[in-house]
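# I need the structure of the sequence given here:
(chains A and B)
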Amino acid sequence: ETGVTQSPTHLIKTRGQQVTLRCSSQSGHNTVSWYQQALGQGPQFIFQYYREEENGRGNFPPRFSGLQFPNYSSELNVNALELDDSALYLCASSPGTGDNQPQHFGDGTRLSIL
Amino acid sequence: QQQVKQSPQSLIVQKGGISIINCAYENTAFDYFPWYQQFPGKGPALLIAIRPDVSEKKEGRFTISFNKSAKQFSLHIMDSQPGDSATYFCAVRSGGYNKLIFGAGTRLAVHP
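Now for the predicted structure:
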């Protein structure tokens, strides 16, 4: 069984640029959630995708957007990058959105903004 | 506003000792309480989880104790080993769409 995989593992961008991060969900998982983890802090929920639709969003501005594809893989897009966007971006997949559906995380993409 | 307060920030335990990490939450609507373990350069890995209708859950050396009236839950690691050295996060689930709210983390170091 393949776990959650994310690409790339590391990325360096400059302020104002745009970035796309990718996530392949675990086999059989139709729900993908994205989290931002700043250094020394816990992950913060960005948004969730279920069956290709956004299914909930945290306190992040609209320049954070996403997509989910028919194979349940997902992308996180961030426009107009700011220095504070430097963080580890984590993708988590689960077999559904409801009760008792544990989330399994990938190892993340480390994004650095110069 | 911090919805999940985790303590301590860091913890040093001798090999074979008991590690205890605590979390407190505000919202009584939370319905799922997982603990995650994270090693440097890796994503969080689900360790153990509990639902509010149970006061304790044990899996191997890991135990969650849950106090619904006090709105607190804790992770106990028995017979702590150097390989347990990692950052531990408590989390609560919010809403019907399985959103997790994490604590700030506890960095555990187990000395041989």
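# From here on, just use CA atoms for contacts and neighbour counts.
Noted.
# pLDDT weak spots in chain A?
A:1-2, A:98-100 (pLDDT under 70).
# Most proximal residue of it with respect to chain B?
A:D107 (4.0 Å; C-alpha to the nearest C-alpha).
# Using the three-state scheme, assign that residue.
coil (DSSP: H, G, I helix; E, B strand; the rest coil).
# B:L75 now?
strand.
# And it, how close does it get to A:S65?
35 Å (C-alpha to C-alpha, to the nearest Å).
# now B:Q9
Taking C-alpha to C-alpha, one finds B:Q9 at 32 Å from A:S65.
# Give me the more crowded residue out of the two.
A:S65 (17 against 13; other C-alpha atoms under 10 Å in any protein chain shown).
# in the sheet, who's paired with the more buried one?
A:N77 (DSSP bridges).
# what about the strands in the chain?
Since you didn't name a chain, this refers to chain A. Here chain A has its strands, by DSSP state E, at A:5-7, A:10-13, A:19-24, A:31-37, A:44-50, A:53-57, A:64-68, A:74-78, A:87-94, A:104-105, A:109-113.
# Correction: the question concerned chain B.
Using DSSP E, strands in chain B cover B:4-7, B:10-14, B:19-25, B:33-38, B:45-50, B:56-59, B:62-67, B:72-77, B:86-94, B:99-102, B:106-111.
# show me the contacts for A:I113.
Contact partners of A:I113, counting by C-alpha atoms under 8 Å, 6 or more residues apart in numbering or on different chains, are A:I12, A:K13, A:T14, A:R15, A:L81, A:E82, A:L83, A:D84, A:D85, A:S86.
# change it to 7 Å
Taking C-alpha atoms under 7 Å, 6 or more residues apart in numbering or on different chains, we find A:I113 in contact with A:I12, A:K13, A:T14, A:R15, A:E82, A:L83, A:D85, A:S86.
# can you list the residues of chain B near chain A?
B:42-46, B:89, B:96-105 (C-alpha under 7 Å from any C-alpha of the partner chain).
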